[in-house]
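Trainee: Give the three-dimensional model of this entry:
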Amino acid sequence: MFSFVNMKHQELKDLFQDDWYLAIKFREITGRYVTNDHLEIFIERFKGELEIEEIGKSVEGRSIKRFKIGTGKIPVLMWSQMHGNETTTTKALFDLVNTFIIESKNPVIAKILSECTLYIIPILNPDGAFYYTRLNANSIDLNRDLQDLSQPESRLLKQQYTAVEPAFCLNLHDQRTIFSAGDQAKPATLSFLTPSKDEERNIDEFRMKSMGLIAGMAADLKDQLPGQIGRYDDGFNINCAGDTFQALKTPTILFEAGHYPGDYEREETRKYVCRAYVSCLHQIASRSDIKEGNEDYFKIPENQKLFRDVIVRNTRHENKVVDVALQFKEEIEDGKLVFNAILDEIGPNLKLFAHREIDARGEEMILPGGKKLTENVVVNKIILKTAEFSL
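Mentor: Model prediction:
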């Protein structure tokens, strides 16, 4: 597989060490619930060192900010939290900008800042962020609104695209814990996509550039995330931001931050997302032929929906031995994010992987309060004859 780091830039690989990341991590903002209030913490810290502009407001009047950093001739447009409850890439943006400020003399970082000008919208959907929902305040998915442009946030993104005339777009998202990287028992901690530009999924030079960058990131991170990098499905939908901009001949990359074992707060995942940003931007700043290695894009395994958060194996139910799969639902309660386990599926020998497995050894699974074992019921505790398990 093509490897930009190993071939040309050992100094970039040196930046992928944990001690470097711990030095640049913006520690004041952690967890999965990230709103404009958190953004103001970041802005207050760096308002004298960063060009910050309010570029518009949300449906409910919340401010939408844009950071501008770098002095180069290559404009790059980056936006996060288009879906309000997808926050890992936002946290990684805070880390990235912190890196630019405190490590500006590092040759890798200096190269990015001298060759690129970055236009960063950290929270495009601040209403969705506040309510911790995918949708905006009008219950519209902004990533399905780039043709209708029915929402102020969607119109704002399109306006920024027109004004910036980006050479590259980075569309930043989170994905659910259900995704595996291929058909192996490995979570897709990072996934990437070069969106299609048409129904036929044709590949032109602009898609090739996206593919080349993704192949380079995958190569740069494969030793740190062995088997945990996936490729998202490229089915065409012109209503999506990535497909729209790709169709307009702008190389676009979709980033999907996924699950790392045991990391439901996605603090480990944010580290790898930040490293992917650095890899991608340094390739943009340094590579003479960004299309090089684009064929390796298709060697990245395609995501499959093979994981559940918890699976209770071999439990007795209605005189049969079955498996019970549960999936966490993220909800805001009293201003805090909680994970409620929902019974997702019941059946014999479920062909699924689990982030946590419990072997009932043929014992009956009982739910507190006499709840019936049925799909969509909330499960906070599992009671077996010999043990209890909190979820």
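Trainee: hey, where'd the strands end up in the stretch 101-250 of the chain?
Mentor: With DSSP state E, counting those that start in this stretch as the criterion, the stretch 101-250 of the chain has strands at 116-121, 168-174, 180-181, 190-193, 229-231.
Trainee: which one of those strands lies closest to Thr252?
Mentor: For those, the distance to Thr252 is smallest for strand 168-174, at 4.2 Å, taking CB to CB. In short, each C-beta sits where N, CA and C put it, glycine included.
Trainee: Just list what that closest one packs against, helices and strands only.
Mentor: Under the contact definition 3 or more CB pairs under 8 Å, 6 or more residues apart in numbering; DSSP states H and E, strand 168-174 sits against strand 74-79, helix 88-102, helix 241-247, strand 252-257, helix 267-286.
Trainee: want to throw the strands of the stretch 101-250 of the chain into TSV with distance to Thr252, mean pLDDT and mean neighbour count?
Mentor: Converted to TSV, the strands of the stretch 101-250 of the chain look like this (distance: least, CB to CB, whole Å; pLDDT from 0 to 100; neighbours: other CB atoms under 10 Å):
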stretch	distance to Thr252	mean pLDDT	mean neighbour count
strand 116-121	14	98	23
strand 168-174	4	98	25
strand 180-181	21	98	25
strand 190-193	9	98	26
strand 229-231	15	98	25
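Trainee: Please tabulate the ones you listed in a markdown table, including the columns distance to Phe328.
Mentor: As requested, these are exported to a markdown table (distance: least, CB to CB, whole Å):
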| stretch | distance to Phe328 |
| --- | --- |
| strand 116-121 | 28 |
| strand 168-174 | 14 |
| strand 180-181 | 17 |
| strand 190-193 | 19 |
| strand 229-231 | 20 |
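Trainee: so which of these gets nearest His355?
Mentor: Using CB to CB, those put strand 180-181 closest to His355, at 10.6 Å.
Trainee: next one: the closest one to chain centre, how far?
Mentor: 14 Å (CA atoms, centre = their mean, to the nearest Å).
Trainee: Relative to Asn349, which of the strands of the stretch 101-250 of the chain is closest?
Mentor: In terms of CB to CB, the element of the strands of the stretch 101-250 of the chain nearest to Asn349 is strand 180-181, at 17.7 Å.
Trainee: Check which helices and strands that closest one sits against.
Mentor: Looks like strand 180-181 contacts strand 229-231, strand 303-304 (3+ CB pairs under 8 Å, 6+ apart).
Trainee: Mind listing the strands the last one pairs with, and their directions?
Mentor: To tie it back to what came earlier, the one meant is strand 303-304. Strand 303-304 has the following strand partners under DSSP bridges: strand 180-181 (antiparallel).
Trainee: got the contact list for the partner strand?
Mentor: Strand 180-181 has contacts (CB atoms under 8 Å, 6 or more residues apart in numbering) with 186-189, 191, 227-230, 301, 303-307, 353.
Trainee: PyMOL command to pick out the buried ones of the residues you listed?
Mentor: The buried residues among the contacts of strand 180-181 can be selected in PyMOL (16 or more other CB atoms under 10 Å) with this line:
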select buried, resi 186+187+188+189+191+227+228+229+230+301+303+304+306+307+353
